[in-house]
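K.L.:
generate a structure from the sequence data that follows.
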Amino acid sequence: MSDLSVPEPRPLERGETVRPSVLVMPAVAEPPLAERRPWLESHEVVDAITVPGCYTPIYLTSDEIAITTTGIGKSDAATTVAALLSNSAVDLSAAYVLSTGIAGAPPAETALGSVVVADAVVDWDRKHRWDRSDSSEASSATDEPPIDRLAYRPREYVHRLESDLVDSALAVAESAPLYEDDDVLAYQNQYPDAPDSGPAVRTGTTVCGDEFWHGPRYAREVEWLCEQYGVAPYVTTQMEDAATATALERFGALERYLSIRAVANYDRPAPGESVEESFDGTDASLELAIENAATVGSAVVGALRAEDPLGLFG
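P.N.:
Presented below is the predicted three-dimensional model:
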């Protein structure tokens, strides 16, 4: 932040209210996961305010965009979103809400650097995990998955996002430019089932969990859970969006929500790699994903403000 020209954050004055048309929420501000930085670089930031309960200040732009980070993980995301929605000085009643940033992905689904507009958000952590190793059923249960949906399930732990809004965003995203990188493509080609082309835009299911899982066994479990909810295959994985969607739903704002993320790494190793070596992808794939997520996200935000597909602005 020291080399960015942005205002110093200040508390809101008594009686003051901010009314952004779009709230943009990457998860992280700090390097190397500096998801917020391209948003602050590409928009004219005219003010910065602190809001109790928020992870970082809210940066307000000349084109009525509010930018803040949620922090990593579901508890940080839920706290940040609830703090914003419950503060009477932050009026989000006519604002679109966008989660953006990086994500993981299964290699067979999309290229590194690709951007995915989610149409469903699955909560990976709401499940049973069974250890049958000490059970008399162990020998006969080897083909059964070690997980199951919760027995007590007051609702299904998948958010299906507003289809008209998703379709509008996808149409804009598909026409936005995407950066490519030869080094990223070379790394991608180490995965035999990955695409042999560069980044693209698509829609699909995103899976959110607080667990830093990695590897094909866990990927099969994630796919199984998505199948149970009828939203397989999953296309991206991340750590905030189920919490963000839940908080928005509680406040009656879920229909205004979009998740637009770019793929920084694959959720399993390439042949000859260890899980530790492959977990983060590469520096180049991370940088590519951050740039593409912000580029496509900015195009979508511009279209939301210009076209107001849900008629929020009255």
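
K.L.:
going by C-alpha atoms from here, please, whenever you check contacts or count neighbours.
P.N.:
OK.

K.L.:
and Glu221, that's in a strand?
P.N.:
No - counting by DSSP: H, G, I helix; E, B strand; the rest coil, Glu221 is located in no strand; its state is helix.

K.L.:
I'd say it and Glu144 touch.
P.N.:
No - the pair Glu221 / Glu144 is not scored as a contact, 10.6 Å apart, by CA atoms under 8 Å.

K.L.:
who has more neighbours, those two?
P.N.:
Glu221 (16 against 9; other CA atoms under 10 Å).

K.L.:
hey, where'd the helices end up in the stretch 51-200 of the chain?
P.N.:
Taking DSSP state H, counting those that start in this stretch as the criterion, the stretch 51-200 of the chain carries its helices at 74-86, 163-174, 182-188.

K.L.:
for Ser139, report the pLDDT, please.
P.N.:
On the pLDDT scale, Ser139 is placed at 47.

K.L.:
repeat for the one 3 residues further on
P.N.:
The score at Thr142 is 58. That number is its pLDDT.

K.L.:
then the one 4 residues further on?
P.N.:
Each residue has a pLDDT score; the one for Pro146 is 93.

K.L.:
and it, what does it touch?
P.N.:
Contacts here follow CA atoms under 8 Å, 6 or more residues apart in numbering; on that basis Pro146 touches 129-132, 221.

K.L.:
out of those residues, what pair is the most spread apart?
P.N.:
Arg132 and Glu221 (15.8 Å; CA to CA).

K.L.:
how far away is Ile58 from Arg36?
P.N.:
11 Å (CA to CA, to the nearest Å).

K.L.:
okay, and the common contacts of these two?
P.N.:
Joint contacts of Ile58 and Arg36 (CA under 8 Å, 6+ apart) are 67-68.

K.L.:
show me the shaky parts of the stretch 51-200 of the chain.
P.N.:
Low-confidence segments of the stretch 51-200 of the chain (pLDDT under 70): 135-143.

K.L.:
mind listing the strands for it?
P.N.:
Listed in chain order, the strands of the stretch 51-200 of the chain (DSSP state E, counting those that start in this stretch) span 58-61, 65-67, 96-105, 115-123, 128-129, 147-148, 158-160.

K.L.:
max-length helix in this protein?
P.N.:
helix 283-307 (DSSP state H).

K.L.:
list the contacts of that one.
P.N.:
21-22, 33-35, 38-39, 96, 100-102, 112-115, 169, 172-173, 176-181, 183-184, 260-265, 280.

K.L.:
ok, Val51 to Tyr157 distance?
P.N.:
Going from Val51 to Tyr157 by CA to CA gives 29 Å.

K.L.:
can you check Met25 too?
P.N.:
From Met25 to Tyr157 the distance is 22 Å (CA to CA).

K.L.:
between the two, which has more neighbouring residues?
P.N.:
Neighbour count, other CA under 10 Å: between Met25 and Tyr157, Met25 has more, with 26 against 19.

K.L.:
tell me who's in contact with Thr237.
P.N.:
Counting by CA under 8 Å, 6+ apart, the residues that Thr237 touches are 103-105, 206-209.

K.L.:
show me what it is bridged to.
P.N.:
In this entry, Thr237 is beta-bridged to Gly104, Val207, by DSSP bridges.

K.L.:
how about stretch 36-44: buried residues?
P.N.:
36-40, 44 (16 or more other CA atoms under 10 Å).

K.L.:
so which of these comes closest to Gln228?
P.N.:
Nearest member of those to Gln228, counting by CA to CA, is Arg36, at 34.4 Å.

K.L.:
got the contact list for the closest one?
P.N.:
Contacts of Arg36 (CA under 8 Å, 6+ apart): 26-29, 67-69.

K.L.:
and if we set it to 6 Å?
P.N.:
Counting by CA atoms under 6 Å, 6 or more residues apart in numbering, Arg36 touches 26, 29.

K.L.:
for Ala66, see how far away it is.
P.N.:
12 Å.

K.L.:
pretty sure Ala27 sits against Gly71.
P.N.:
Yes - using CA atoms under 6 Å, Ala27 makes contact with Gly71 at a distance of 4.8 Å.

K.L.:
which of the two has more residues huddled nearby?
P.N.:
Taking neighbours as other CA under 10 Å, Ala27 and Gly71 compare with Ala27 leading, 27 against 22.

K.L.:
I'd assumed that one was in a helix, is it?
P.N.:
No - the assignment for Ala27 (three-state DSSP) gives coil, which keeps it out of a helix.

K.L.:
and the gap between it and Arg10?
P.N.:
Separation of Ala27 from Arg10 (CA to CA): 21 Å.

K.L.:
check Gly302 too.
P.N.:
27 Å.

K.L.:
neighbour count: those two, which is higher?
P.N.:
Gly302 (16 against 13).

K.L.:
what residues of stretch 111-128 count as buried?
P.N.:
Buried residues in stretch 111-128, defined by neighbour count with 16+ other CA under 10 Å: 111-124, 126-127.
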